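Peer 1: sequence first, then the predicted structure, then my questions.
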Amino acid sequence: MNQIQGVIFDMDGLMLDTEKLLVRFWMQAAQEAGFPMTFEHVLGIRSLAAVYAKPKLQGIFGKDFNYEQIRARRRELTAEYLHTHEIEKKAGLDELLDYLHKNQYRIAVATATRREQAEEYLRKVQVYQYFDAFICGDMVTKGKPDPEIYLTSSKGLRLPPESCIALEDSPNGLLSAYRAGCHPVMVPDLSQPDEELKKYLSACVPTLADVIPLLKGDFS
């Protein structure tokens, strides 16, 4: 993929080891409200915009599932946890960002997380300075799996989508990137790609450091 000029990163589960917290606290918040949410239920809404996640969960648990209230409780539980615990970076993040910076790639974040929170997290793990553009969940009208966030991210880098690879760990994020015309690369976190998802991938690698050999080669 020798024509790649930009790399667009998801955040949770891709750069930061926070998806495990998403699962833990979605389940706790839902169970506190009387709904038996499971690991599989949370996997289904990773990176999914609220406009899609709400009807999906209400389709499972019924109209009494108060999405906004339970999500607010999940955020509260996460904030309480991170007040006393460090945010963990995913393996290979520093190595990849250093390589991209030295080789003058343009770099963006495309995350469903709110901008204020995303910036706080990235500053805490000391990688904020690497990024040229930030496109967050509260900056788009249609979240993942709609392509808007990746189209906006590539525009923020002043590049066409086909000149960008998109690094993601979740099916909803990868589908968003594919629909935008980027080159989706999966770095699995909580789940591996199934046969259907593999159709949309340009590559699947075990860690972020393994993206570097892809950039050095040509897998287009």
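Peer 2: Arrived safely, thanks for sending. Numbers count the residues shown, from 1 in each chain.
Peer 1: pull out the buried positions in the helix ranked longest in the chain.
Peer 2: Longest helix in the chain, counting residues (DSSP state H): helix 67-84. For helix 67-84, a neighbour-count test (16 or more other CB atoms under 10 Å) marks Tyr67, Ile70, Arg71, Arg73, Arg74, Leu77, Thr78, Leu82 as buried. C-beta: built from backbone N, CA, C; applies to glycine.
Peer 1: so what does that helix touch, helix or strand wise?
Peer 2: Judged by 3 or more CB pairs under 8 Å, 6 or more residues apart in numbering; DSSP states H and E, helix 67-84 is in contact with helix 19-32, helix 50-61.
Peer 1: which of those is buried the deepest?
Peer 2: By mean neighbour count, with neighbours taken as mean count of other CB atoms under 10 Å, helix 19-32 ranks first of those at a mean of 18.
Peer 1: after it, next one along is what?
Peer 2: The helix or strand immediately downstream of helix 19-32 is helix 39-43, counting by DSSP states H and E.
Peer 1: re earlier: pipe the helices and strands packed on helix 67-84 into JSON lines and attach mean pLDDT per row.
Peer 2: JSON lines is the format used below for the helices and strands packed on helix 67-84 (pLDDT from 0 to 100):
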{"stretch": "helix 19-32", "mean pLDDT": "95"}
{"stretch": "helix 50-61", "mean pLDDT": "93"}
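Peer 1: distance to Tyr121 added to the ones you listed, as TSV?
Peer 2: Listed next are those as TSV, based on distance: least, CB to CB, whole Å:
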stretch	distance to Tyr121
helix 19-32	11
helix 50-61	19
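Peer 1: compare those and give me the one nearest Ser154.
Peer 2: Set against Ser154 and scored by CB to CB, the helices and strands packed on helix 67-84 come closest in helix 50-61, at 22.0 Å.
Peer 1: any idea where the helices of this protein begin and end?
Peer 2: Along the chain, counting by DSSP H, helices occupy 19-32, 39-43, 50-61, 67-84, 93-102, 115-124, 148-156, 171-180, 195-198, 211-216.
Peer 1: what comes into contact with the second one?
Peer 2: Contacts to helix 39-43, defined as CB atoms under 8 Å, 6 or more residues apart in numbering, come from residues Leu22, Val23, Trp26, Met27, Leu57, Ile60, Leu190, Ser191.
Peer 1: distance of the fifth one from Leu100?
Peer 2: Per CB to CB, to the nearest Å, Leu57 is found 36 Å from Leu100.
Peer 1: on that earlier part again, now the longest helix of the chain and helix 115-124, what's the angle there?
Peer 2: Helix 67-84 runs at 20 degrees relative to helix 115-124, counting by axes from the mean of the first three to the mean of the last three CA atoms, to 10 degrees.
Peer 1: what is the mean pLDDT for helix 67-84?
Peer 2: When pLDDT is averaged along helix 67-84, the result is 94.
Peer 1: which residues sit against that helix?
Peer 2: 18, 21-22, 25-26, 28-30, 32-33, 35, 50, 53-54, 57-58.
Peer 1: quick check on Leu159: phi, psi?
Peer 2: When read as degrees, to the nearest 10, the backbone of Leu159 gives phi -140, psi 150.
Peer 1: do you know how far it is from Leu215?
Peer 2: For Leu159, the distance to Leu215 equals 15 Å [CB to CB].
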